[in-house]
Every structure is written in C-alpha cells, then in structure tokens.
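Q: sequence below, structure please.
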Amino acid sequence: MAQIAVVPGSFDPVTLGHLDVIGRAARLFDEVHVLVVHNPDKQPAMFAAADRVRLIEQSLVETGVPDTVRVGEWTSGLLVDYCRQVGAGVLVKGVRSGEDVAYETPMAIMNRHLADVETVFLLPEASRAHVSSSLIRQVATLGGDVTPYVPGVVAEALAQHLDR
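A: Numbering: from 1, shown residues only. Got it, this is the predicted structure:
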C-alpha cells in the first residue's frame with residue numbers, strides 16, 4: 001500500500017523553503033499532496049487560492065520536484081477529512097523554530113486523536129530557516145529583492161501583483 005502524505009499550508013506565496021520541504025517529503029513518501037488551505041489567522045491573502053495552486057504547480061516544474069506530487073486546494077472541512085478522503089496517514093509540516101513547533105504541536109495531537117493521522121516535522125535548510133511567506137510579502141511590498149527566496153514564477157507574479 002502506497003504511503004500518502006499531505007503538506008498543507010497557505011503558501012501565500014510559495015517559497016523555496018516550502019519547495020525544499022515538499023521535495024524532501026517526496027523522497028520520504030510514495031505520494032505527496034500539497035494542499036492550499038484557508039488559514040483565518042492570515043487575512044487578507046495576497047493571492048487567491050487558485051492562483052497559489054497554479055504558482056505551486058509551476059514552481060514544482062521549475063524546480064524539478066517529482067511527478068508523485070499533486071497540488072490542490074481544501075476549503076470544505078477539517079484537514080483530516082481530506083486525509084481520510086485520499087488515504088493519507090501523514091501530515092508533513094516544515095518548522096523553522098521552536099515557536100513553529102509549539103504552534104503545530106497541539107494541532108498534531110488533535111489530528112492524531114481525530115483521525116489517527118501522524119504529523120512529521122521537517123526542518124528547513126539552514127539558508128532558508130528565516131524565510132516565511134509573510135516576510136516575502138513584506139519585503140516585496142516595500143520594494144526589496146525576493147528573488148533569492150522564491151521561484152522565478154513567484155517573483156514575476158509578485159511583481160505583476162504589485163505593478164512593478
């Protein structure tokens with residue numbers, strides 16, 4: 001039986017750090033579903049969910065992530081409901097710091113309790129440990145160069161979105 005993992009996130013926008021975690025998850029699991037999910041604590045979104053899905057798909061092609069990775073969007077219920085639907089037994093979360101672990105731990109325990117879905121935490125490459133989507137949005141909005149931290153298609157989308 002294939003082991004399926006889900007990598008959820010808001011991905012607003014997807015960064016090279018996200019792609020690093022997705023790529024490493026693809027080496028650990030038979031199939032990986034990258035899922036754009038709604039996070040009510042992160043409003044308003046810079047990019048619509050459908051645009052984030054498209055940017056992730058294009059970024060995966062640009063960076064050469066395996067074709068065992070699927071990209072989609074989930075807005076209709078608990079994340080574990082999606083896991084049940086596709087037969088995933090694992091959630092993969094990238095964590096950059098102890099704060100991320102502290103934030104993710106209660107959700108990991110709840111997901112295990114609700115649906116027997118385990119959570120695996122992956123640490124980022126050291127060169128990307130400081131990068132977050134919110135930091136990328138802030139730097140881009142203020143006119144800074146984000147090209148070292150995002151795929152080319154994302155840098156172009158940010159420039160278009162900000163009319164640069």
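Q: looking at the chain, which helix is longest?
A: Taking DSSP state H as the criterion, the chain has its longest helix at helix 98-115.
Q: pLDDT of that one, averaged?
A: Helix 98-115 comes out with an average pLDDT of 96.
Q: for it, buried residues please.
A: Asp100, Glu104, Ala108, Asn111, Ala115 (16 or more other CB atoms under 10 Å). Placement of C-beta: from N, CA and C, glycine included.
Q: next up, the contacts around the first one.
A: Right, Asp100. Each residue near Asp100 by CB atoms under 8 Å, 6 or more residues apart in numbering is listed here: Lys93, Gly94.
Q: please tell me how far it sits from Thr141.
A: From Asp100 across to Thr141, the span is 23 Å (CB to CB, to the nearest Å).
Q: and stretch 25-33, how far apart are its ends?
A: This stretch, stretch 25-33, spans 10 Å end to end (CA to CA, to the nearest Å).
Q: what's that stretch in contact with?
A: Outside stretch 25-33, the residues that reach it (CB under 8 Å, 6+ apart) are 2-7, 22, 65-66, 68-72, 82, 86, 88, 90, 92, 120, 122.
Q: switch the cut-off to 10 Å
A: Applying CB atoms under 10 Å, 6 or more residues apart in numbering, the contact partners of stretch 25-33 are 1-8, 21-24, 34, 60, 65-72, 74, 82-83, 86-94, 120, 122.
Q: just the endpoints, please. Distance across stretch 119-134?
A: 23 Å.
Q: how about the helices of this protein, start to end?
A: Going by DSSP H, the chain shows helices at 16-28, 49-63, 79-86, 98-115, 133-141, 152-161.
Q: ok and the first one relative to helix 133-141, angle-wise?
A: Interaxial angle, helix 16-28 versus helix 133-141 (axes from the mean of the first three to the mean of the last three CA atoms, to 10 degrees): 140 degrees.
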